[in-house]
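*Asks:* any chance you could fold what I've pasted below:
(chains A and B)
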Amino acid sequence: MSVEQPTLPLNDVAPLTGGCYRGDHLLLAEMIAPNSKVLDVGCGDGDLLQLLETRGIDGRGIELSREGVNHCVAKGLAVVQGDADTDLVNYPDDAFDYVILSQTLQATRQPKAVLENLLRIGRRAIVSFPNFGYWKMRVQLLVGGHMPRTDNLPATWYDTPNIHFCTIKDFVQLCGEINVKMERAVALDLYGRPLRFNAPWWFWNMFGEQGVFLLSRGEKNE
Amino acid sequence: MVNAQSVPTPAHAEYRAQEADHPTSQVAMFAGDQPLPLDCGIDLAPFQIAYQTYGELNAGKSNAILVCHALTGDQHVANVHPVTGKPGWWVTLVGPGKPLDTDKYFVICSNVIGGCMGSTGPASTNPATGTVWGLDFPVITIPDMVRAQAMLIDRLGIDTLFSVVGGSMGGMQVLQWCVAYPQRVFSALPIACSTRHSAQNIAFHELGRQAVMADPDWRDGRYVEQGTYPHRGLGVARMAAHITYLSDAALHRKFGRRMQDRDLPTFSFDADFQVESYLRHQGSSFVERFDANSYLYLTRAMDYFDIAADHNGVLAAAFRDTRTRFCVVSFTSDWLFPTSESRATVHALNAGGARVSFAEIETDRGHDAFLLDLPEFFDIAHAFLVSAGKTRGLAAAGE
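*Replies:* Now for the predicted structure:
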């Protein structure tokens, strides 16, 4: 693999057992500085926003599904029904400290444009996505000969909202292409626990069930 | 008989005249030294605002909710209507234990300026002439209505409203409140509305106004003195408007092509179809309670409404740095104020940095859905007010 793995400190990950929060949510929350202003794109039922609120973070959300928005408003969250592919262009530059795209990248029509918008609207972006290079996925396609399905991605190929799967390796390459700086990268196992962080990329790409990346704008080359 | 609309009896005319000047609700009088400056350049004075209140204002005066009524609504939001004898127009939402809980909040609803239920309007008596204002009444706007409401809120000794809530024309007032008095609105719930009236909506209003003015009984607006009433024209205006409040699906579900009290068509222009007699009923019952000239003025006020136009065409500029919490609600089958309009409002609020929620409620009942019993909508309104109340420190008192 041509991409160099950045050396990333990961000493202060919150304890991931026992709590009622999802492991990847706790990891995301830990990546965000207190008192930040955060936009969660594809916020679902608002669980992450609620977790952030308990940490004094001013959170807003965009969610495509009506049911999701209604749940969020019922929780008192500031969430707007909208589509990441079409609505992000309406947000002004630097409107947020962080923009989160949690488990949504693979459902967007234009992941590259969405990623560029994230880093225009927010000074930093946090992206998490299911890793299509995960070994179970590979086995299902290689041995079973069918499109992979997992506990976290249970939909069949013909009714899945996920249209742009990628591997951790693919995503790292995309970040290089659009000149995005990776500040932190974590691969999580099936239970949302981080894999050992000094493993080589191929290990993450094989054994990470999902990837979580903290990104910022790269230096302008030209 | 071709036209089955009932002719309003003189009793209804008397009721209307009485309510216009001496309403059966509370009235705030503003004397000559407290004029209402109107957008058309005229200072209206003296004038009065009729209003109703429900619940108790708390010691900190922090629990007041202003409800803004729609085009043909009035201040009787949660009590029996003095003219029709029917329940208030929003008893589903306002009352003890309801989303606008009158055990917890102090709910205020005023008849808008230009209305005909006790706030000064074209049906009121012009103090300068001793006769009904009619078309001598100055043309009013949504900002004028809100300015008058603000004077009423001042009179009630309330500095900041906990929430301003309303649908349709009421929603326009909610948005105007947030633009004109951002520091006085803690939270806002604009429902099924827009920051500007669309060309299609202006067209429908023009149809209604032309129907009123084409009625020979309209008499250039001086029907009161001449002892007539343009009930046919106003009835047609209401019928046309009522269609825009519904949806094809709702009409079909309710009436289909079913016939009224017969099995075969009569081959005449009687109300053979149920939907026809329903519309005729809507037209005639409206005529009994509403003033025709008031209908002209209020539709005009909606037509003129355009928040962006007052901010050099940039809607977001109107909401810049607002501290108000917003919850915008639209309905899927509303074609008068479609979801796209609410979405444009939300984009502008987001761009202005506002704390905004937006929900689209799935229903086939059209624009009128905001007046109906829709649990999903009530849940949202309730949850939004509860969470805003926690921030405002209201939860401890009421829960």
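
*Asks:* number of nearby residues for the closest residue to A:Trp135 other than its chain neighbours?
*Replies:* In space, not counting the residues next to it along the chain, A:Trp135 is nearest to A:Met206; the distance is 5.2 Å by CB to CB, 6 or more residues apart in numbering or on different chains. No exception for glycine: its C-beta is placed from N, CA and C like everyone else's. Applying other CB atoms under 10 Å in any protein chain shown, we find 18 residues neighbouring A:Met206.

*Asks:* what segments of the stretch 1-150 of chain B are helices?
*Replies:* Read by DSSP state H, counting those that start in this stretch, the stretch 1-150 of chain B holds these helices, from start to end of the chain: B:10-21, B:142-155.

*Asks:* oh sorry, the question was meant for chain A
*Replies:* Counting by DSSP state H, chain A forms helices over residues A:23-31, A:47-54, A:66-74, A:84-87, A:111-121, A:135-139, A:168-177, A:201-207, given from the N-terminal end onward.

*Asks:* mind putting the ones you listed in JSON lines, mean pLDDT included?
*Replies:* Below are these laid out as JSON lines (pLDDT from 0 to 100):
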{"stretch": "helix A:23-31", "mean pLDDT": "87"}
{"stretch": "helix A:47-54", "mean pLDDT": "93"}
{"stretch": "helix A:66-74", "mean pLDDT": "86"}
{"stretch": "helix A:84-87", "mean pLDDT": "87"}
{"stretch": "helix A:111-121", "mean pLDDT": "94"}
{"stretch": "helix A:135-139", "mean pLDDT": "88"}
{"stretch": "helix A:168-177", "mean pLDDT": "92"}
{"stretch": "helix A:201-207", "mean pLDDT": "85"}
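
*Asks:* what's the closest of those to B:Val27?
*Replies:* For the helices of chain A, the distance to B:Val27 is smallest for helix A:66-74, at 36.9 Å, taking CB to CB.

*Asks:* got the buried residues for the closest one?
*Replies:* By neighbour count, and taking 16 or more other CB atoms under 10 Å in any protein chain shown as the criterion, the buried residues in helix A:66-74 are A:68-74.

*Asks:* number of residues surrounding the one residue in the stretch 201-350 of chain B that gets nearest to chain A?
*Replies:* In the stretch 201-350 of chain B, no residue comes nearer to chain A than B:His347, which is 4.6 Å away by CB to the nearest CB. Other residues near B:His347 number 20, with proximity taken as other CB under 10 Å.

*Asks:* let's test this: mean pLDDT of the host helix or strand of it, rounded?
*Replies:* Secondary structure assigned from DSSP states H and E places B:His347 in helix B:339-351. Mean pLDDT, taken over the full extent of helix B:339-351, equals 92.

*Asks:* which strands and helices sit next to that helix?
*Replies:* Helix B:339-351 is packed against strand A:78-81, helix B:315-318, strand B:325-331, strand B:355-361, with contacts defined by 3 or more CB pairs under 8 Å, 6 or more residues apart in numbering or on different chains; DSSP states H and E.

*Asks:* okay if I get these as a markdown table plus distance to B:Leu156, mean neighbour count and mean pLDDT?
*Replies:* As requested, the helices and strands packed on helix B:339-351 are exported to a markdown table (distance: least, CB to CB, whole Å; neighbours: other CB atoms under 10 Å in any protein chain shown; pLDDT from 0 to 100):
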| stretch | distance to B:Leu156 | mean neighbour count | mean pLDDT |
| --- | --- | --- | --- |
| strand A:78-81 | 29 | 26 | 92 |
| helix B:315-318 | 26 | 20 | 91 |
| strand B:325-331 | 22 | 27 | 96 |
| strand B:355-361 | 27 | 24 | 92 |
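
*Asks:* now these in JSON lines, with distance to B:Val164?
*Replies:* Compiled in JSON lines, these are given as follows (distance: least, CB to CB, whole Å):
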{"stretch": "strand A:78-81", "distance to B:Val164": "18"}
{"stretch": "helix B:315-318", "distance to B:Val164": "15"}
{"stretch": "strand B:325-331", "distance to B:Val164": "10"}
{"stretch": "strand B:355-361", "distance to B:Val164": "14"}
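
*Asks:* how many neighbours does the closest residue in space to A:Met147 that isn't next to it in sequence have?
*Replies:* Closest residue to A:Met147 apart from its sequence neighbours, by CB to CB, 6+ apart: A:Trp157 at 4.1 Å. A count of nearby residues for A:Trp157, using other CB under 10 Å, gives 10.

*Asks:* separation between A:Leu88 and chain B?
*Replies:* Using CB to the nearest CB, to the nearest Å, we find A:Leu88 at a distance of 11 Å from chain B.

*Asks:* quick one on the thing from earlier: compile the helices of the stretch 1-150 of chain B into CSV and extend it with columns for mean neighbour count, mean pLDDT and distance to B:Trp133.
*Replies:* As requested, the helices of the stretch 1-150 of chain B are arranged in CSV below (neighbours: other CB atoms under 10 Å in any protein chain shown; pLDDT from 0 to 100; distance: least, CB to CB, whole Å):
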stretch, mean neighbour count, mean pLDDT, distance to B:Trp133
helix B:10-21, 17, 84, 9
helix B:142-155, 22, 98, 15
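
*Asks:* reformat those helices as TSV; add distance to B:Thr195.
*Replies:* Putting these into TSV (distance: least, CB to CB, whole Å) gives the following:
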stretch	distance to B:Thr195
helix B:10-21	31
helix B:142-155	10
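
*Asks:* tell me which of the ones you listed lies nearest to chain A.
*Replies:* The closest approach between chain A and any of the helices of the stretch 1-150 of chain B, judged by CB to the nearest CB, belongs to helix B:142-155 at 24.4 Å.

*Asks:* could you say what helices and strands whatever helix or strand comes next after the closest one packs with?
*Replies:* For helix B:142-155, the succeeding helix or strand toward the C-terminus, using DSSP H and E, is strand B:161-167. Identification of packing neighbours for strand B:161-167 by 3+ CB pairs under 8 Å, 6+ apart yields strand B:64-68, helix B:169-180, strand B:185-191, helix B:375-392.

*Asks:* can I get those in a markdown table with mean pLDDT, mean neighbour count and distance to chain A?
*Replies:* Supplementary listing: these in a markdown table, determined by pLDDT from 0 to 100; neighbours: other CB atoms under 10 Å in any protein chain shown; distance: least, CB to the nearest CB, whole Å:
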| stretch | mean pLDDT | mean neighbour count | distance to chain A |
| --- | --- | --- | --- |
| strand B:64-68 | 98 | 27 | 17 |
| helix B:169-180 | 98 | 26 | 15 |
| strand B:185-191 | 98 | 26 | 11 |
| helix B:375-392 | 90 | 20 | 3 |
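
*Asks:* of all those, which one is nearest A:Gly176?
*Replies:* helix B:375-392 (42.4 Å).

*Asks:* CA atoms only: put the closest one into CSV for me.
*Replies:* Presented in CSV, the C-alpha positions along helix B:375-392 are these (Å, rounded to 0.1, in the frame of the first residue of the first chain):
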residue,chain,number,x,y,z
PRO,B,375,-50.8,13.1,17.0
GLU,B,376,-47.5,13.2,15.2
PHE,B,377,-47.7,17.0,14.9
PHE,B,378,-48.8,17.3,18.5
ASP,B,379,-45.9,15.2,19.7
ILE,B,380,-43.5,17.5,17.9
ALA,B,381,-45.1,20.7,19.2
HIS,B,382,-45.2,19.2,22.7
ALA,B,383,-41.6,18.0,22.7
PHE,B,384,-40.3,21.3,21.2
LEU,B,385,-42.0,23.4,23.9
VAL,B,386,-41.0,21.1,26.7
SER,B,387,-37.3,21.2,25.7
ALA,B,388,-37.4,25.0,25.1
GLY,B,389,-39.1,25.3,28.5
LYS,B,390,-36.3,23.4,30.2
THR,B,391,-33.9,25.9,28.8
ARG,B,392,-36.1,28.7,29.9
